Each structure stands twice: as C-alpha cells, then as structure tokens.
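# Next one to model:
(4 chains)
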Protein chains: 2
Amino acid sequence: MARRSDHSHEELNALILDAARGVLEKEGLAGLTTRRIGQAIGYSPGTLYNRFKDLDDIVVNVNAATLDELYAELAAVAAGGDAAATLRALVARYLDFTTRRPKLWALLFQTSPDAAPRPDWYYAKMGRLFSLVEAALAPLFGTGREQERRDMARLLWAGLHGLCTLAAEGAVLTWDDVRRLSDLLIATTIAGLRHPVRSGDSPSRSPRRADTPSATNASPTAIQE
Amino acid sequence: MARRSDHSHEELNALILDAARGVLEKEGLAGLTTRRIGQAIGYSPGTLYNRFKDLDDIVVNVNAATLDELYAELAAVAAGGDAAATLRALVARYLDFTTRRPKLWALLFQTSPDAAPRPDWYYAKMGRLFSLVEAALAPLFGTGREQERRDMARLLWAGLHGLCTLAAEGAVLTWDDVRRLSDLLIATTIAGLRHPVRSGDSPSRSPRRADTPSATNASPTAIQE
DNA sequence: CCTTGCAATTGATCGTTGGTCAATATATAT
DNA sequence: ATATATATTGACCAACGATCAATTGCAAGG
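As a prediction, the model looks like this:
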C-alpha cells in the first residue's frame, strides 16, 4: 500500500498522466486501462478515481498536455515577414510533431461523436492553435479584413488536418504525400488570395471535357464466403 | 434457436450488417455489442463469429456499405463543364451525406492508429472517391498534367475532410462554418490554380506586421482539485 | 505519548464486454 | 431410416470500468 503522504495531489496527478502517456505512446488507446496505469505507478486502480472522474477524464488531460506542448512548439516558430515562409515553417513543425508523437497526436482526434462534450477550456486550447496561423497570415491581409483572415487560417488548418488524418488513416495518403501536398496547399492558397475570384468569372477556356470517371473497378466482395 | 435454413449466408450477412447499422445510427460505436446485434436479429451472439471474424470485421463491412452509398450519391452529381459548379455540387452532396448519416460517416474515420490495417479493397473504396474530384477538375487541367490534377483533387478532398472532422469534433467549427469555408476552399483553390506562384515571388507589398499572437489567455487548471 | 478523527488507499465485487468451444440441433445425402 | 455434415447455441473465460465498505496512515489535541 502506497503511503498516504508519498505524493501530493498534484504529484499524483502528474504521476498518473505521465504513466498514461507512456502507456498510450507504447500501446495506444486500446492498451490504456486503469489496472495498467495503477501498476505502472504502484497504486491501486481505485486510486485513479480519487483524482480523476473516469478514464476519459485522464485522456482529456493527457490531450490537454499534448495541446500545450504542440502550442509551445508552434509558437516558437519565428514569424518573419514572409507569410509563405512562416506558414511552411509552421507546417513543418506540425508534421514533425505528428511523427515524433504519433499516438498522442492521433489521440487528440479520436473522439467519437456520441462521446460526452469536452470542457470549455479544452476547446479553448484547440482554438488557440488557430491564432498562430492567423498571425502568420497577417502580412497578407490589410486592416478591416480580420474575418477573411480568420477564415483563411481555419481553412489552412483544416487542410493540413485533413491531410494528416488521411495519412494516419492508412493507405490513402503517405506522409511523403502530406509533405508535398501541404507545400502545394500553402502555395495555392496564397496564389488564390492574390487573385480572388469575382462571381461570374468564366471557369476555364480549356475545351477539354472530363474523362468519364474510372468507376469500372469490379466491386470486391465485401464479405468473406 | 433460429432454424438453420432460415437465412442463407448472404441473407444472414445482410441481417447482421443492417442490425449493426441500426445500432450504430442510434447509439454510436459504444453501443455496438455482439449481444445487442444478436438480440436484434434473433440469433445468438456466437453466430456472428460464424459469419465475421470479429466485431471490427463487422464495422469494416458497415463502413464498406457506407462508402458505396456515398460513392453512388457523389457519382450521381452531374458533371457539367464548369469545374467550380461541379465541385460545389459535390461538396454540397457530401455535406448533405454527413448530416443525413452523421454516425455512419463519423465511423469511417474513427480508426485508431494501432488498429489492424483494413483490407486492400477497403482502401480501394476510399480511393475511388478521389476519382470523382479528379474528374470534376479535368476542365482546369490540360493533358499531361495528370499528376497535378491528382494532387489538387487530394488536396481539395483533404480540405473538405479536415473541415468536417473539425466540425464533428465539437466546438471548434460549426457546420455553418463548414458550408461557408468549403465555398471559400473551392474559390481560393481555383483562383490559385489560374495564377500559380513562381518560386521567388515576393510575398506581399503590405508593410503591416503580424499582431503578436493572442496567447495571453490564462491557462485553465487542467485537473480538478 | 496516547488517543481521536479524518482522509487516502485498497481490493473485493458488480455488471458488462469480446471471443471461444464443446455440445446440441438441424438439414442433407445415402 | 440412418449417417454425415454443418449451423447454432449458450455456458464459459479473461479482462474491462467503476463502486464502495473496510482498512490503513497521518496529523492534530489532550
């Protein structure tokens, strides 16, 4: 039995979260059990419920630490005057983070839609990341265009996020694809910003029509026989 | 005890997958149990393992059906000569699908990174969706630019995917944001395509510097005391 | 130093899960 | 009718999250 005064509340919180992080990095969410955490820190499983509401509460707090770490790394990227260079640096840092902490990064977005909503401060931590992209975009927008800048920041973030989740998903995109496409994302976005489309613009002068979509692949038998 | 000849293999497969779909749509992945499915179709839980390897195999096959349904809906979108209009129609159809089948759509992307890899035909079904976007982009690209077109299709898809997952995530983006930003995504991408950035372009003529990021929010206490 | 009272910790316990498998029931072939 | 093959069952196992009465350890009061 662990002595009562071995650790303060904060120390025990940190112990639990660190142990959870270790388990998650090694075995992923499936391997995260109360018994496993308790064993790692020399406490009984029941003790966890003394400090956290339930297992999901532990996950939320691990995610919070991950978000803090990610924010600190991205905020450290020097924001020069060149928006494109700053954006590329932010993306590179982000991708570096996903490869250095793949399991913890993935855990950030493994919430099911029927899960209980996260606390407000959690969403605040997520939203804080947008502000970094907004700041990087500042040179491209004059005053009075804060809404546009905000939208473009969220668009860039969503694009990068989509690329990474598709790569993490499996065989649809490789991480090399992500690196190449994220460069393309920045270039295309900045180019598009400089030449906004006025409504009524004709689409294209090319007379070529789309090939018929290659949807003739034989549908695989979805169920084993 | 259900009679042995009440249903053929295919019928039983369909029964199981339909029951699983029903449970998933009502209660999400957390409510999907072998006992629940078995009860819904009048079979014992053990019978499920006669037709599917395990519960994840059932999820994979439900996802396969979802991908087929999504593909059929998107393929039905008329591909006119106007790339922007076609893209907007595809996006509208996709967003409509996410609101009509939120749980099933979310299930497509709830795979954890340590999960067993899906079978090849599953990834093929995912990749097939890209071809629709590629076809819509055809008017914007001449011949000999298939790689660029392919990249741009994946970029657009990733952008939309990122927007939707962020909206499904919780309070970071609303679905109204997604509708507005997906329009912006298409407009900016097409505008960027028409005016590609040559390496060496100067970023911007605006002398404004980025505001210092608003990172002064007090960090909330992550752990209850 | 002893006692009292509070708080931290425990681990047995509950209900539930995914998955297995010998036993049983059923359909088909001879 | 008998035999063979197969579909189905449900008891069973290990493991899970969570609960809570019982136990232990600590610090303060006398």
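# Residue of chain A closest to chain B, please.
A:Gly162 (2.8 Å; C-beta to the nearest C-beta). In short, each C-beta sits where N, CA and C put it, glycine included.
# Count the residues that sit near the residue nearest to that residue when sequence neighbours are not counted.
Closest residue to A:Gly162 apart from its sequence neighbours, by C-beta to C-beta, 6 or more residues apart in numbering or on different chains: B:Gly162 at 2.8 Å. Neighbour count of B:Gly162, defined by other C-beta atoms under 10 Å in any protein chain shown: 27.
# how far away is B:Gly162 from DNA strand D?
With distances taken as C-beta to the nearest atom of the strand, to the nearest Å, B:Gly162 is found 30 Å from DNA strand D.
# counting contacts, what elements does the host helix or strand of that residue pack onto?
B:Gly162 is part of helix B:146-169 when elements are defined by DSSP states H and E. Judged by 3 or more C-beta pairs under 8 Å, 6 or more residues apart in numbering or on different chains; DSSP states H and E, helix B:146-169 is in contact with helix A:146-169, helix A:175-194, helix B:83-100, helix B:102-107, helix B:120-137, helix B:175-194.
# In PDB, list the C-alpha atoms belonging to the first one.
Taking only C-alpha atoms (Å, rounded to 0.1, in the frame of the first residue of the first chain), the coordinates of helix A:146-169 have been written out as PDB:
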ATOM      1  CA  GLU A 146     -10.000  40.200 -39.800                       C
ATOM      2  CA  GLN A 147     -12.900  37.900 -40.700                       C
ATOM      3  CA  GLU A 148     -11.300  36.900 -44.000                       C
ATOM      4  CA  ARG A 149      -8.000  36.300 -42.300                       C
ATOM      5  CA  ARG A 150      -9.700  34.200 -39.700                       C
ATOM      6  CA  ASP A 151     -11.500  32.100 -42.300                       C
ATOM      7  CA  MET A 152      -8.300  31.600 -44.300                       C
ATOM      8  CA  ALA A 153      -6.500  30.500 -41.200                       C
ATOM      9  CA  ARG A 154      -9.200  27.900 -40.400                       C
ATOM     10  CA  LEU A 155      -9.100  26.800 -44.000                       C
ATOM     11  CA  LEU A 156      -5.400  26.200 -44.000                       C
ATOM     12  CA  TRP A 157      -5.600  24.400 -40.600                       C
ATOM     13  CA  ALA A 158      -8.400  22.200 -41.800                       C
ATOM     14  CA  GLY A 159      -6.500  21.400 -44.900                       C
ATOM     15  CA  LEU A 160      -3.400  20.300 -43.000                       C
ATOM     16  CA  HIS A 161      -5.500  18.500 -40.500                       C
ATOM     17  CA  GLY A 162      -7.300  16.600 -43.300                       C
ATOM     18  CA  LEU A 163      -4.100  15.600 -44.900                       C
ATOM     19  CA  CYS A 164      -2.600  14.300 -41.700                       C
ATOM     20  CA  THR A 165      -5.700  12.300 -40.700                       C
ATOM     21  CA  LEU A 166      -5.900  10.800 -44.100                       C
ATOM     22  CA  ALA A 167      -2.300   9.800 -43.900                       C
ATOM     23  CA  ALA A 168      -2.800   8.400 -40.400                       C
ATOM     24  CA  GLU A 169      -5.900   6.600 -41.600                       C
END
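# From the chain's centroid, how far away is that helix?
Distance of helix A:146-169 from the chain centroid (C-alpha atoms, centre = their mean, to the nearest Å) equals 10 Å.
# mean confidence for it?
Helix A:146-169 shows a mean pLDDT of 95.
# Buried residues, that helix. List them.
Buried positions in helix A:146-169, judged by neighbour count with 16 or more other C-beta atoms under 10 Å in any protein chain shown: A:148-169.
# cool, and the last one?
Going by neighbour count (16+ other C-beta under 10 Å), the buried part of helix B:175-194 is B:177-178, B:181-182, B:184-193.
# which other helices and strands contact it?
helix A:146-169, helix A:175-194, helix B:83-100, helix B:146-169.
# related to what we said a few turns ago, can the buried residues of helix B:175-194 go into TSV with extra columns for pLDDT?
Shown next, in TSV, are those (pLDDT from 0 to 100):
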residue	pLDDT
B:Asp177	97
B:Val178	98
B:Leu181	97
B:Ser182	97
B:Leu184	96
B:Leu185	97
B:Ile186	96
B:Ala187	95
B:Thr188	94
B:Thr189	94
B:Ile190	92
B:Ala191	89
B:Gly192	86
B:Leu193	77
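# Which pair in the residues you listed has the greatest spatial separation?
Greatest spatial distance in those: B:Asp177 and B:Leu193, 23.9 Å, computed using C-beta to C-beta.
# neighbouring contacts of stretch A:108-120?
A:29, A:56, A:60, A:63, A:66-67, A:161, A:165, B:27-31, B:102-103, B:106, B:110, B:112, B:165, B:168-171, B:220 (C-beta atoms under 8 Å, 6 or more residues apart in numbering or on different chains).
# Kindly recompute the last result at 7 Å.
Contacts with stretch A:108-120, where a contact means C-beta atoms under 7 Å, 6 or more residues apart in numbering or on different chains, come from A:29, A:60, A:63, A:66-67, A:165, B:28-30, B:102-103, B:106, B:110, B:112, B:165, B:168-170.
# May I see the PyMOL selection of the buried members of those residues?
If you want just the buried ones from these in PyMOL, going by 16+ other C-beta under 10 Å, the selection is:
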select buried, (chain A and resi 29+60+63+66+67+165) or (chain B and resi 28+29+102+103+106+110+165+168+169)
